[in-house]
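Q: Need coordinates for the below:
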Amino acid sequence: MPEKWTADVVAKLHLNRITKKRLAEQLGDTPEYISMVLNGHKTPQGAEHKFNTALDELIKAKEKEAT
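A: Numbers count the residues shown, from 1 in each chain. Here you go, the predicted model:
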């Protein structure tokens, strides 16, 4: 079963119109692996911090592009 943080990441992805593919590129992983983690099939140590940091960087970059 997915953890709560994964739901928060998925919500941030949708709200900011960022794809799992883009998140995977930022993390250096495959979109399939990202999906496995977000769906609770994989639970790597430190994933919550790693995913949130990468997503925050993508959001900041997207905000910069908009200005």
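Q: Output the contacting helices and strands for the helix of greatest length in the chain.
A: Determined from DSSP state H, the single longest helix within the chain is helix 47-66. On a contact count with 3 or more CB pairs under 8 Å, 6 or more residues apart in numbering; DSSP states H and E, helix 47-66 meets helix 4-15, helix 20-27. Yep, even glycine has a C-beta here, placed from its N, CA and C like the rest.
Q: Return the most buried member of these.
A: helix 20-27 (a mean of 17; mean count of other CB atoms under 10 Å).
Q: need the next SSE after that helix, C-terminal direction.
A: Using DSSP states H and E, the helix or strand that follows helix 20-27 in sequence is helix 31-38.
Q: quick one: which of the helices and strands packed on helix 47-66 is nearest K64?
A: helix 20-27 (14.7 Å; CB to CB).
Q: That closest one - contacts with which helices or strands?
A: Looks like helix 20-27 contacts helix 31-38, helix 47-66 (3+ CB pairs under 8 Å, 6+ apart).
Q: These: which one's closest to V9?
A: Between V9 and the helices and strands packed on helix 20-27, the tightest spacing by CB to CB is seen for helix 47-66, at 5.3 Å.
Q: ok, back up a step: mean neighbour count added to the helices and strands packed on helix 20-27, as TSV?
A: Output for those, formatted as TSV (neighbours: other CB atoms under 10 Å):
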stretch	mean neighbour count
helix 31-38	17
helix 47-66	14
